[in-house]
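**Student:** Quick one, what's the 3D model for this:
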Amino acid sequence: MNQLSSTPCRFEARAWLEDRLLAVSSKAVQVDRPGGAPMLCFPISDVRTELATLPDGILLAPVLDGFVAFDTKHPRVEVMLVDRLPGEPDRDHTLVRFPTWGDAADLIDILNVRPHAEGGYQSAVRYSPLRDVVEGSQLLAQAIVAAGRHAPGRRVVSASMVFMRAANTSAPLRIDLNELSNGKSFTTLAPQVRQSGKLCASGIMLLDVTAPDVMRHSVSFPETSGPYASEFFDMSMTGRDIRFVDGAYTGDPDAPIGPPLLDAWVRFRHVPDDRHLHAALLAHFTGNASIAAAMRPHAGIGQNQAHHTLSTAINAISISFHADVRADKWMLYRHHSTFAGDGMTHSECRVYDCDRALLASFTVDAMVRRMPTARPVDARTSL
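**Tutor:** Numbers count the residues shown, from 1 in each chain. Prediction:
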C-alpha cells in the first residue's frame, strides 16, 4: 500500500459490464501501481448496482476505503473516460478507454525537449506499462522542436529521419544537433537521437526564414467527408481527437478490403502558442496510419497482428512543411500507400488544415514481415 499513489481523475468516468452500466462518477480516483497498469477507483456511492450481484472476477481488491475498482482486463468489463469541456457541443465529446497512455498535455511535455547541461537537448521520461516502445515519429517530432529551439527565428521546412534502433519509454532521449550551415535564409542541421549512449535515429533538417510568394499552387483538397461525419477513434489519449473517415481504420484482419487510402482528422484540445510544438504534433501522427493504409487492400492482414504474427516498424519518415501549423484546429491526414512488397511498404501522404489548405507532405517507409514465432493476439493492446 505504501507504494501506491492516487490522484483525482479529471474526467467523468463510466464503467460497463457488457451493456450494463455499472457506475458513473465525476469523483473517481486513479491509483498508480509501480510496474503495472493503473486502476480507476469509483466511490461506492456512484456505483449503480449491488456489488454482491456482480460475477466473480469483476472487482479488484479494494485499495481505498469507500471505493471500488473494476478489472479492466476482464473481457466483459469496459471503463471509459468522458473527454469534454463544459458547454462543449456533443459532437466534440469523446470516450477514451481506461487505462490510457495519458493526456495530450503529457505528449506535449515529452515533445518539448529541454536544453541539456552538456549541450543538445533531452526529453522528459514517461514510462508506459501499456507498451514500452517509443514511436519513431516521436523522435522526429522531438528533433523538430530541438531544431526550432536552436534557430528560433526560423521554421522547419524539411525534415527527414531514419530509425535504426528501438527506443524505450524508461530512459530519457538525447537529441544532438550538428549545424552543417547557417546562412541568411537557411539553416541546415543533422540531428541524432540517442538513448543510454546508443544511436537510435539520425536525420537532416532544413530551416528557413521564409519569403513572400513568387508563385503559389498546391495539390487540391481531396474529396472526403468532414470530421463530424466520422466517429472518434480511441488511441488511448485524452485531449486528442482522431476521426477516421468511413471508419476505414481497423485492426481486424477480416475487415472488408478497400483501397490503400486512409483519411484521418486530428485535433488537439490545448496546445501552447509555440509554432515548433504545433509542427511537432503534426509530425507525431505521421507514423500512426501509413502501415494500416498498406494493409487495407489485403484480406487476412490487419494491425491487430502487429507485434504478434507480424513484425512491423517505421524505418524512415520525410516531411516538408508548407505553412505554419495550428494543431489545435482540425487537420486532415491523407495516407496513400503506393507500394507494398519485399517486406516493405511506402506511403506518400499529405496534411491539410480545416480551410482546405495544404500544410505538409510526407513519405513513410516501413517494414511488414512475418514473425518466426507467433504470439497470441490481444486486439485491445495491439493498436
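**Student:** CA only for contacts and neighbour counts going forward, please
**Tutor:** Noted.
**Student:** Could you give the number of residues near Pro253?
**Tutor:** 17 (other Cα atoms under 10 Å).
**Student:** Which parts of the stretch 51-200 of the chain are strands?
**Tutor:** For the stretch 51-200 of the chain, the strands defined by DSSP state E, counting those that start in this stretch occupy 67-69, 77-83, 94-97, 102-103, 114-115, 121-122, 155-163, 174-182, 186-195, 198-208.
**Student:** Phe362 is nearest to which of those strands?
**Tutor:** strand 155-163 (9.2 Å; Cα to Cα).
**Student:** Can you tell me which helices and strands that closest one packs against?
**Tutor:** Applying 3 or more Cα pairs under 8 Å, 6 or more residues apart in numbering; DSSP states H and E, we find strand 155-163 packed against helix 136-150, strand 198-208, strand 310-321.
**Student:** Can you check what pLDDT the model gives the residue nearest to Thr94 when sequence neighbours are not counted?
**Tutor:** Nearest non-adjacent residue to Thr94, counting by Cα to Cα, 6 or more residues apart in numbering: Asp83, 5.2 Å away. For Asp83, the pLDDT comes out at 95.
**Student:** Surely Asp83 and His93 touch.
**Tutor:** Yes - with contact defined as Cα atoms under 8 Å, Asp83 counts as touching His93 (5.9 Å).
**Student:** picking up where we left off before, would you mind finding the most buried of the helices and strands packed on strand 155-163?
**Tutor:** Across these, averaging neighbours per residue (mean count of other Cα atoms under 10 Å) puts helix 136-150 on top, at a mean of 26.
**Student:** coming back round to it: higher neighbour count, Asp83 and His93?
**Tutor:** It is Asp83, of Asp83 and His93, that has more neighbours when counted by other Cα under 10 Å, with 20 against 13.
**Student:** tell me the contacts of that one?
**Tutor:** 11-12, 93-96, 238-239 (Cα atoms under 8 Å, 6 or more residues apart in numbering).
**Student:** could you redo the last one with a cut-off of 7 Å?
**Tutor:** By Cα atoms under 7 Å, 6 or more residues apart in numbering, the residues touching Asp83 are 11, 93-95, 238.
**Student:** got the residue ranges for the helices in the protein?
**Tutor:** 104-111, 136-150, 275-284, 290-295 (DSSP state H).
**Student:** mind checking which of the ones you listed is nearest Lys73?
**Tutor:** helix 104-111 (23.9 Å).
**Student:** Which positions in the closest one come out as buried?
**Tutor:** 104-108, 110-111 (16 or more other Cα atoms under 10 Å).
**Student:** got JSON lines for those residues, with distance to Gln303 and pLDDT too?
**Tutor:** Output for the buried residues of helix 104-111, formatted as JSON lines (distance: Cα to Cα, whole Å; pLDDT from 0 to 100):
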{"residue": "Ala104", "distance to Gln303": "23", "pLDDT": "97"}
{"residue": "Ala105", "distance to Gln303": "27", "pLDDT": "96"}
{"residue": "Asp106", "distance to Gln303": "25", "pLDDT": "96"}
{"residue": "Leu107", "distance to Gln303": "23", "pLDDT": "97"}
{"residue": "Ile108", "distance to Gln303": "26", "pLDDT": "98"}
{"residue": "Ile110", "distance to Gln303": "26", "pLDDT": "97"}
{"residue": "Leu111", "distance to Gln303": "26", "pLDDT": "98"}
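**Student:** now the residues you listed as TSV including distance to Tyr228?
**Tutor:** Formatted as TSV, these follow (distance: Cα to Cα, whole Å):
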residue	distance to Tyr228
Ala104	20
Ala105	23
Asp106	26
Leu107	24
Ile108	25
Ile110	29
Leu111	28
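**Student:** Tell me if I'm right that Glu231 and Val245 touch.
**Tutor:** No - judged on Cα atoms under 7 Å, Glu231 makes no contact with Val245 at a distance of 8.1 Å.
**Student:** Compare these two and say which one has the larger neighbour count.
**Tutor:** It is Val245, of Glu231 and Val245, that has more neighbours when counted by other Cα under 10 Å, with 21 against 16.
**Student:** contacting residues around Cys9?
**Tutor:** Contact analysis of Cys9 by Cα under 7 Å, 6+ apart lists 27-30.
**Student:** do that again at 8 Å, thanks
**Tutor:** Going by Cα under 8 Å, 6+ apart, the list of residues near Cys9 reads 26-30.
**Student:** which of the residues you listed sit farthest apart?
**Tutor:** Largest pairwise distance in the contacts of Cys9, by Cα to Cα, is 11.9 Å, between Ser26 and Gln30.
**Student:** where are the low-confidence patches of the chain?
**Tutor:** The chain contains residues with pLDDT under 70 at 1-3, 374-383.
**Student:** Got the domain ranges for it?
**Tutor:** As recorded under automatic domain parsing, the domains making up the chain are 5-98, 100-383.
**Student:** re the thing from before, give me the subset of the contacts of Cys9 that lies in strands.
**Tutor:** 29-30 (DSSP state E).
**Student:** Save the contacts of Cys9 as CSV, and put in distance to Ala316 and neighbour count too.
**Tutor:** As requested, the contacts of Cys9 are arranged in CSV below (distance: Cα to Cα, whole Å; neighbours: other Cα atoms under 10 Å):
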residue, distance to Ala316, neighbour count
Ser26, 43, 17
Lys27, 44, 16
Ala28, 41, 24
Val29, 40, 23
Gln30, 37, 19
